[in-house]
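Enquirer: I need the structure of the sequence given here:
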Amino acid sequence: QVQLVESGGGLVQAGGSLRLSCAASGRTFSTYAMGWFRQGPGKEREFVAAISWIGGRSYNTDSVKGRFTVSRDNAKNTVYLQMNSLKPEDSAVYHCAAGRSVRNYPKIEEYDYWGQGTQVTVSS
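Expert: Numbering: from 1, shown residues only. Below you'll find the predicted structure:
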């Protein structure tokens, strides 16, 4: 069982930055691939970024490439999402997710555990 708790969301002006954190419980954190998803008002949950269990590979959706960076610190059981050059369309609730056997990183069904989310609001 893995429990995930996100933090770091808030209100920021367009062009600003935020760093989200996702703290995981459990001693097997390092064996899980980690993903970040977001869900805006009236929208479906969408893939943002992911990182492999060993941290050697990361994946971003096209709309955030060059602006968002996902990383992890297995010693701290934490995964991060550094978000720069934020735009109003990035406003959403951001969720982290953990998956034991993820092959298709953008696919929601690949993940076993989810956090409650943290709100990110970008003002224009």
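Enquirer: what residue ranges in the chain score low on pLDDT?
Expert: 55 (pLDDT under 70).
Enquirer: how close does the most centrally placed residue in it sit to Thr28?
Expert: In the chain, the residue lying closest to the centroid (C-alpha atoms, centre = their mean) is Trp36, at 2.3 Å. Using C-beta to C-beta, to the nearest Å, Trp36 is found at 20 Å from Thr28. All C-beta atoms are positioned from the backbone trio N, CA, C, and that covers glycine.
Enquirer: now the strands: where do they sit in the protein?
Expert: Using DSSP state E, the strands of the chain run over residues 4-7, 10-13, 18-24, 33-39, 46-51, 58-60, 68-73, 78-83, 92-99, 113-114, 118-123.
Enquirer: now the last one and strand 18-24, what's the angle there?
Expert: This means strand 118-123. Orientation check (axes from the mean of the first three to the mean of the last three C-alpha atoms, to 10 degrees): strand 118-123 against strand 18-24 gives 170 degrees.
Enquirer: what packs against strand 118-123?
Expert: For strand 118-123, the packing partners by 3 or more C-beta pairs under 8 Å, 6 or more residues apart in numbering; DSSP states H and E come out as strand 10-13, strand 18-24, strand 92-99.
Enquirer: now do 7 Å
Expert: Applying 3 or more C-beta pairs under 7 Å, 6 or more residues apart in numbering; DSSP states H and E, we find strand 118-123 packed against strand 10-13, strand 92-99.
Enquirer: Check which residues of it are buried.
Expert: Buried positions in strand 118-123, judged by neighbour count with 16 or more other C-beta atoms under 10 Å: 118, 120, 122.
Enquirer: For the second one, give me its contacts.
Expert: Yep, that's Val120 we're talking about. Neighbour list for Val120: 9, 18, 90-92, 94 [criterion: C-beta atoms under 7 Å, 6 or more residues apart in numbering].
Enquirer: Go again with 10 Å.
Expert: For Val120, the contact set (C-beta atoms under 10 Å, 6 or more residues apart in numbering) comprises 8-12, 18, 20, 38, 40, 81, 83, 86, 90-94.
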